[in-house]
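**Student:** fold the following, please.
(4 chains)
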Protein chains: 2
Amino acid sequence: MVKAFSMSEVSTQERIKAAAAKVFTMKGLEGARMQDIADEANINKAMLHYYFKNKQQLFQVIFEEKATKVFSALDLFVHGELSFHQRISKFVESQISIFSEFPTLPLFVLMEVRKNPALLEATFRNIPLQIKRSEFQSLVENEISVGNIRKVDPQELLLNIIALCVYPIIAEPIFRFLSDMDEIEYRSFINRRKDTITALITNDLFIKK
Amino acid sequence: MVKAFSMSEVSTQERIKAAAAKVFTMKGLEGARMQDIADEANINKAMLHYYFKNKQQLFQVIFEEKATKVFSALDLFVHGELSFHQRISKFVESQISIFSEFPTLPLFVLMEVRKNPALLEATFRNIPLQIKRSEFQSLVENEISVGNIRKVDPQELLLNIIALCVYPIIAEPIFRFLSDMDEIEYRSFINRRKDTITALITNDLFIKK
DNA sequence: GTCTATAGGCGGATAGAC
DNA sequence: GTCTATCCGCCTATAGAC
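**Tutor:** Got it, this is the predicted structure:
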């Protein structure tokens, strides 16, 4: 039966991808062992090479998937019928939600890109991110021109929001070590920040009437 | 002559350390090749093992040195006779200056700690960072109690400041790719942020009188 | 202290049976 | 599709001459 055949194939392939994502994002390309990935997927090393040509190709698949996920949240800014204030709030919430679920993601993408900048071109061949960025830019400029928010550099605004959302996730190990929070406490600390980040940004931005 | 002997010894050792720092912070522990470090230091691989027992020990030396540097800027907050506003401003400036000079530092420390949390205990055995943190905490609480600044979580305040300073450095490759800035432009962009970060934080913090 | 040459092992990749 | 066994190259580490 074709269906049963292809279902089982997808399932193993997906288990490998999940395992590879876990190991690669945690250890990086060179730190990851094919054996670790095989163990995590409950198969043996040979199977990895049945589904993926080699380590490099498996890595590429995972990287592109995860990098896409990291940047896709930008959509929230440029789509929908929300007010600018609501966009910021939604964006902050989505950034923190996504990365709380998969905390190794941002550091992984950031580190691999620094080691090998060529990954950027390869990955964003398909994703028209430049377009999203300029849409964001005109959105901000429009808010400025109608007097909703003060004059501000759109690039810097976006960077500030992302920094405030993402940094606490990537610095979790160090910050928890210093503050003696356990994982539960830290999750709740991060979650409370959804409001304080939005407040910090909007208080600085919106012109009081 | 003892002096000439020890001078040359230090000099080679220091060249190795500089080379190792460059390669390790760029590629990470597993991504770094002893050959790359030797090339960078203009010696051969065997010499590395003359001065350092093995790769792991060389890494440990570099990591501890760089991690110490990353955290030492906290001193600025708890020492000196500055006002709270000045402390923030000085701290922002020092963070950005330090990391602009050596942009691979923060991502390196963050990533290696995530891969191997045990590095934290080993590194901060000698550095009484907990003390600095609680000094920072009482500094903030004092400002609150005298009515200088609004009620705020000291942990979150510190995290916000560091996030705004450090994230632009670690996200440089991606952000420059998206914004089409060259290195000069990005340096200047980062430098302008010294003022805007301080303004963002203090406007949110200080109570207008 | 510095070099060349080489040992030794780890880990990615493949052959081949089932 | 899945497994075991094995190959082979790369990279750390060392031996040993100078």
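**Student:** by mean pLDDT, point me to the weakest helix or strand of chain A.
**Tutor:** Ranking every helix and strand in chain A by mean pLDDT, DSSP states H and E puts helix A:75-78 at the bottom, with a mean of 80.
**Student:** ok, and for that one, which residues are buried?
**Tutor:** A:76, A:77 (16 or more other CB atoms under 10 Å in any protein chain shown). Where C-beta positions appear, they are placed from N, C-alpha and C, glycine not excepted.
**Student:** the very next helix or strand once past that helix packs against which elements?
**Tutor:** The element immediately downstream of helix A:75-78 (helix or strand, assigned by DSSP states H and E) is helix A:84-101. When contacts are defined as 3 or more CB pairs under 8 Å, 6 or more residues apart in numbering or on different chains; DSSP states H and E, helix A:84-101 sits against helix A:75-78, helix A:105-115, helix A:129-145, helix A:154-170, helix A:183-205.
**Student:** change it to 6 Å
**Tutor:** Judged by 3 or more CB pairs under 6 Å, 6 or more residues apart in numbering or on different chains; DSSP states H and E, the packing partners of helix A:84-101 are helix A:75-78, helix A:154-170, helix A:183-205.
**Student:** helix or strand: which one has the spatially most central residue of chain A?
**Tutor:** Geometric centre of chain A, nearest residue: residue A:70, 2.5 Å, by CA atoms, centre = their mean. Residue A:70 belongs to helix A:55-72 when assigned by DSSP H and E.
**Student:** using PDB, list the CA coordinates for that helix.
**Tutor:** Extracted as PDB, the C-alpha positions of helix A:55-72 are listed here (Å, rounded to 0.1, in the frame of the first residue of the first chain):
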ATOM      1  CA  LYS A  55      25.800  15.500   7.900                       C
ATOM      2  CA  GLN A  56      26.200  18.800   6.000                       C
ATOM      3  CA  GLN A  57      23.000  18.300   4.000                       C
ATOM      4  CA  LEU A  58      21.000  17.300   7.200                       C
ATOM      5  CA  PHE A  59      22.300  20.400   8.800                       C
ATOM      6  CA  GLN A  60      21.300  22.600   5.900                       C
ATOM      7  CA  VAL A  61      17.800  21.300   6.000                       C
ATOM      8  CA  ILE A  62      17.500  22.000   9.700                       C
ATOM      9  CA  PHE A  63      19.100  25.400   9.500                       C
ATOM     10  CA  GLU A  64      16.900  26.600   6.800                       C
ATOM     11  CA  GLU A  65      13.800  25.400   8.600                       C
ATOM     12  CA  LYS A  66      14.800  27.000  11.800                       C
ATOM     13  CA  ALA A  67      16.000  30.200  10.300                       C
ATOM     14  CA  THR A  68      12.800  30.600   8.500                       C
ATOM     15  CA  LYS A  69      10.900  30.100  11.700                       C
ATOM     16  CA  VAL A  70      13.000  32.700  13.500                       C
ATOM     17  CA  PHE A  71      12.200  35.400  10.900                       C
ATOM     18  CA  SER A  72       8.700  34.500  10.000                       C
END
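**Student:** that one and DNA strand D in contact?
**Tutor:** No. Helix A:55-72 is not in contact with DNA strand D by CB under 7 Å from any atom of the strand; minimum separation 12.4 Å.
**Student:** where in chain A is pLDDT low?
**Tutor:** Chain A contains residues with pLDDT under 70 at A:1-9, A:209.
**Student:** got the residues of it near DNA strand C?
**Tutor:** So chain A meets DNA strand C at A:32, A:33, A:34, A:35, A:45, A:46, A:49, A:53, A:54, A:55, A:56 (CB under 7 Å from any atom of the strand).
**Student:** now, which of the residues you listed lie within helices?
**Tutor:** Cross-referencing those against helices under DSSP state H gives A:34, A:35, A:45, A:46, A:49, A:55, A:56.
**Student:** the last one: neighbouring residues, count only.
**Tutor:** As a burial measure, the neighbour count of residue A:56 was computed by other CB atoms under 10 Å in any protein chain shown and equals 10.
**Student:** so which residues make contact with stretch A:154-164?
**Tutor:** Outside stretch A:154-164, the residues within contact range by CB atoms under 6 Å, 6 or more residues apart in numbering or on different chains are A:137, A:140, A:197, A:201, B:163, B:164, B:167, B:168, B:179.
**Student:** got the CA positions of that stretch in CSV?
**Tutor:** C-alpha atoms of stretch A:154-164 as CSV (Å, rounded to 0.1, in the frame of the first residue of the first chain):
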residue,chain,number,x,y,z
PRO,A,154,12.7,52.3,12.1
GLN,A,155,15.8,50.0,12.0
GLU,A,156,16.6,50.9,15.6
LEU,A,157,13.1,50.4,16.8
LEU,A,158,12.9,46.9,15.4
LEU,A,159,16.3,46.0,16.7
ASN,A,160,15.3,47.3,20.2
ILE,A,161,12.1,45.2,20.3
ILE,A,162,13.9,42.1,19.1
ALA,A,163,16.8,42.6,21.5
LEU,A,164,14.4,42.9,24.5
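**Student:** hmm, back to that, show me how to select, in PyMOL, the buried members of the residues of chain A next to DNA strand C.
**Tutor:** Of the residues of chain A next to DNA strand C, the buried ones can be selected in PyMOL as follows, counting by 16+ other CB under 10 Å:
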select buried, chain A and resi 32+34+55
